[in-house]
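Trainee: this one's structure only:
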């Protein structure tokens, strides 16, 4: 650790399960802010062995960057890591776990929960593809008492977490965050485009191909009626092999976009289309609001919590509702309507340094529960 930093404590950060696009994007902004905090230091960072964060290096000396190697299938590896092999992460210093599932450790532990898949409603059917989430929920319950504090990003996620795991009551804290660091520092300028009355909408849906992202709704568009939709282009950040509607000429799969590529795409579109059925937060929604773009999104609680009254909502189970929402958007844009996101953005932190300071303080000082390690 640099000698000019007068630290009041130190923590360790566990990231071995952060490999998905959304979670990695968040940590690429949060982790540097955690490291540059001048009051609370980082002693160790446990990195994944794949994904963007596996290449992360610290800008400061004295921080151990430890890559966690997996030698068996990930589901089995994660089960062992969080249970029988969790002793590897024991230590006197507090542990900030950013991989959604608590560890069976003998250490103060704060858990950052970023996935809604731990919150399966009681009585819902378990599908084969969701088996890994059932295992995750089992481990979560087994290790629940090991956690001193839970961090979530919204009030609705807090309520859902407590409803699913009542023992978490009194230990769940909401810490929101701004848009990614790369967007905060970009020079965003909308490119001149032809008047909307003379063409169809240009839209983007930046999302990985997970089932809950609901790309499949686009498959319900009938080819014979596609030209009647008020859309000239919908960009999906999927590979062509995953195109959910290959017969629809205006659905374009552009593959994964880097931060630079995503900014360039945002500069060319009329609005963000968001289809997801389930989110703990919804990064693209925040990004679009920050840039002043209109948003068309599902009529679901997570979207209302973030976007308020300015978004245009549709029934995520109805292709007709989606078409009507896009027709409404085009009509409003012809009238020179622009969304006012000031109210929705008023509670969003200004920068990642404030978010990091809150998380570090909570991790270091979370009130200990009476935990039985037997």
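Mentor: The structure has been received and is ready for your questions. Because the structure is predicted, anything quoted here is derived from the model rather than measured.
Trainee: mind listing the helices for this protein?
Mentor: 21-35, 74-82, 131-143, 155-164, 181-184, 259-266, 283-291, 301-307, 319-334, 342-345, 352-365 (DSSP state H).
Trainee: buried ones in the third one?
Mentor: Of the residues in helix 131-143, those scored as buried under the neighbour-count criterion (16 or more other CB atoms under 10 Å) are 133, 135-137, 139-140, 143. For every residue, glycine as well, the C-beta is placed using N, CA and C.
Trainee: circling back to that earlier point, highest mean neighbour count out of the helices of the chain?
Mentor: Comparing these by mean neighbour count (mean count of other CB atoms under 10 Å), helix 283-291 ranks first with a mean of 23.
Trainee: what segments of the stretch 51-200 of the chain are strands?
Mentor: Listed from the start of the chain, the stretch 51-200 of the chain has strands (DSSP state E, counting those that start in this stretch) covering 64-67, 95-97, 109-112, 149-152, 172-174.
Trainee: so how far is residue 77 from the nearest residue to residue 28 once chain neighbours are set aside?
Mentor: Once flanking residues are discounted, residue 28 sits nearest to residue 52: 6.7 Å by CB to CB, 6 or more residues apart in numbering. Plainly put, residue 52 is 19 Å away from residue 77 if you go by CB to CB, to the nearest Å.
Trainee: read off the pLDDT value for residue 117.
Mentor: pLDDT for residue 117: 87.
Trainee: same question for residue 308.
Mentor: 96.
Trainee: likewise for the one 4 residues further on?
Mentor: Reading off the confidence values, residue 312 has pLDDT 98.
Trainee: and what of residue 276?
Mentor: 97.
Trainee: run a quick neighbour tally on it.
Mentor: Neighbour count for residue 276, taken as other CB atoms under 10 Å: 22.
Trainee: now it. Nearest residue, chain neighbours left out?
Mentor: Residue 276's closest residue in space is residue 213 (CB to CB, 6+ apart), at 5.0 Å.
Trainee: contacts only, for that neighbour.
Mentor: 207, 275-277 (CB atoms under 8 Å, 6 or more residues apart in numbering).
Trainee: just to revisit the earlier point, format the strands of the stretch 51-200 of the chain as TSV; extra columns: distance to residue 266 and mean neighbour count.
Mentor: TSV is the format used below for the strands of the stretch 51-200 of the chain (distance: least, CB to CB, whole Å; neighbours: other CB atoms under 10 Å):
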stretch	distance to residue 266	mean neighbour count
strand 64-67	32	13
strand 95-97	31	26
strand 109-112	27	26
strand 149-152	27	24
strand 172-174	27	16
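Trainee: residue 25: which of these is closest?
Mentor: Each of the strands of the stretch 51-200 of the chain has some distance to residue 25 by CB to CB; the shortest is strand 109-112, at 14.0 Å.
Trainee: which helices and strands sit right next to the closest one?
Mentor: strand 95-97, strand 149-152, helix 352-365 (3 or more CB pairs under 8 Å, 6 or more residues apart in numbering; DSSP states H and E).
Trainee: mind listing what's buried along stretch 246-253?
Mentor: 248, 250-251, 253.
Trainee: how about those in TSV, adding distance to residue 288?
Mentor: Below are the buried residues of stretch 246-253 laid out as TSV (distance: CB to CB, whole Å):
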residue	distance to residue 288
248	23
250	20
251	19
253	20
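Trainee: of those, closest to residue 242?
Mentor: Checking the buried residues of stretch 246-253 one by one against residue 242 (CB to CB), the nearest turns out to be residue 253, at 6.8 Å.
Trainee: tell me which residues form a beta bridge with that closest one?
Mentor: residue 236 (DSSP bridges).
Trainee: I figured it hits residue 245, correct?
Mentor: No - counting by CB atoms under 8 Å, residue 253 does not reach residue 245; the two are 9.7 Å apart.
Trainee: quick one on the thing from earlier: for the helices of the chain, which one sits closest to residue 8?
Mentor: Using CB to CB as the criterion, the shortest distance between residue 8 and the helices of the chain is 8.0 Å, found for helix 352-365.
Trainee: tell me what that closest one is packed against?
Mentor: Contacts defined by 3+ CB pairs under 8 Å, 6+ apart place helix 352-365 against strand 10-14, helix 21-35, strand 95-97, strand 109-112, strand 149-152.
Trainee: what mean pLDDT does that helix have?
Mentor: pLDDT averaged over helix 352-365 gives 96.
Trainee: any chance of the helices and strands packed on helix 352-365 in JSON lines, plus mean pLDDT?
Mentor: Putting the helices and strands packed on helix 352-365 into JSON lines (pLDDT from 0 to 100) gives the following:
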{"stretch": "strand 10-14", "mean pLDDT": "96"}
{"stretch": "helix 21-35", "mean pLDDT": "93"}
{"stretch": "strand 95-97", "mean pLDDT": "98"}
{"stretch": "strand 109-112", "mean pLDDT": "98"}
{"stretch": "strand 149-152", "mean pLDDT": "97"}
